[in-house]
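A.B. asks: here's my sequence, what's the structure:
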Amino acid sequence: MAIEYLEVAEAIERNGLRLVLTTGVPGPWGESAKGIFNVKGLDYVAVRQTAMTVDPALMQWTRQSSAPVAMYDAERPRSGWAEILFLAERLAPDPGLIADDPRERALMLGLCHEICGEHGLGWTRRLMLLAGMPADQPESMPWKYGVSDAVAIERAGDRTSDILSMLERQLADSAGPYLMGSNFRALDIYWACFSNLIEPLAPEQSPMPDFLRAAYGSWNGGCAPSLIALRDRVFEQHLGLPQEY
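C.D. replies: Numbers count the residues shown, from 1 in each chain. This next block holds a predicted model:
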């Protein structure tokens, strides 16, 4: 079943939890936010954002031209992966997706950054996909996400390989079936959703447009089978398939 999206003007008039999402594509940041909310049983409405466009109404409301952005009642917009995660933890403490132990918490959030944050897995793969596009138009994706950083683009392949190797070691050293041991955490959700940028889910599991599947599947640096097996378990046991967007 396809997601039903509200337009921005209608969403502004609503209270409660609203999540701005890019329509028609499984963007890993948006899919992760949806996964976190769904695992926690949080009710939210989806708000339409169209890729590669700047909507003045969305910009005024969320201070962002892109997605995802979580809006809760009259609180400030939350567009960063950590902001969205901590909002979800506050609204629905159980099941907890962040560890209580400070050291485990710090390790997990650091690993999450290596997937979701600037110069993380998603960032570097996006640089590889946007490389060569002009970055002189403010608010365009190439401008916003650092395509003018020639050094980062040159190193993006090695950086991606390093992050995948680190995650493989983390899983191998884990005392349980998940990246942080026996407990299912946000880190597992982020890896599952961002793995589409490395080895896309099958078409029947994630029916993305052909051009996007070709782009996502253009990574040729390999990925540990153990990480793909973890991805498949997370979707089967926690997130559900097929992806809907």
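A.B. asks: can you classify residue 19 by secondary structure?
C.D. replies: For residue 19, the secondary structure call by DSSP: H, G, I helix; E, B strand; the rest coil comes out as strand.
A.B. asks: so which residue is smack in the middle of this structure?
C.D. replies: Residue closest to the mean C-alpha point of the chain, counted by CA atoms, centre = their mean, is residue 29 at 2.0 Å.
A.B. asks: gap between that one and residue 93?
C.D. replies: Remark: distance between residue 29 and residue 93 (CB to CB, to the nearest Å) = 23 Å. For glycine as for every other residue, the C-beta is placed from the backbone atoms N, C-alpha and C.
A.B. asks: ok, now residue 52?
C.D. replies: Distance from residue 52 to residue 93, by CB to CB: 37 Å.
A.B. asks: on that earlier part again, can you point out the buried residues in the helix or strand the residue nearest to the centre of the chain falls within?
C.D. replies: Per DSSP states H and E: residue 29 is located in helix 28-39. Within helix 28-39, the residues that count as buried by 16 or more other CB atoms under 10 Å are 28, 29, 30, 31, 32, 33, 34, 35, 36, 37, 39.
A.B. asks: surely the residue nearest to the centre of the chain is in contact with residue 116?
C.D. replies: Yes. With contacts counted by CB atoms under 8 Å, residue 29 reaches residue 116, the gap being 6.7 Å.
A.B. asks: which neighbours do these two share?
C.D. replies: 81, 122 (CB atoms under 8 Å, 6 or more residues apart in numbering).
A.B. asks: run a quick neighbour tally on residue 82.
C.D. replies: 15 (other CB atoms under 10 Å).
A.B. asks: low-scoring stretches of this structure, by residue?
C.D. replies: 1, 132-148 (pLDDT under 70).
A.B. asks: go again using 50 as the cut-off
C.D. replies: Confidence mapping of the chain against pLDDT under 50 gives zero matching residues.
A.B. asks: break it into its domains for me.
C.D. replies: 5-91, 102-237 (automatic domain parsing).
A.B. asks: straight-line length of the first one, end to end?
C.D. replies: With CA to CA, to the nearest Å as the measure, the first residue of domain 5-91 is 22 Å from its last.
A.B. asks: rewinding a little: which SSE is immediately downstream of the helix holding residue 29?
C.D. replies: Taking DSSP H and E, what comes next after helix 28-39 is strand 45-49.
A.B. asks: ok, and what's touching that next one?
C.D. replies: Contacts of strand 45-49 (CB under 8 Å, 6+ apart): 3-8, 11, 14, 16-23, 55, 58, 66-67, 71.
A.B. asks: please compute how far the very next helix or strand once past that strand lies from its chain's middle.
C.D. replies: Using DSSP H and E, the helix or strand that follows strand 45-49 in sequence is helix 56-62. For helix 56-62, the distance from its own C-alpha centre to the chain's C-alpha centre is 21 Å (CA atoms, centre = their mean, to the nearest Å).
A.B. asks: which residues are in contact with the longest helix along the chain?
C.D. replies: Using DSSP state H to define each element, the chain has its longest helix at helix 150-173. Residues outside helix 150-173 that contact it (CB under 8 Å, 6+ apart) are 111, 114-115, 119-121, 124-125, 127-128, 131, 146-147, 179, 191, 198, 219, 221-224, 226-227, 230.
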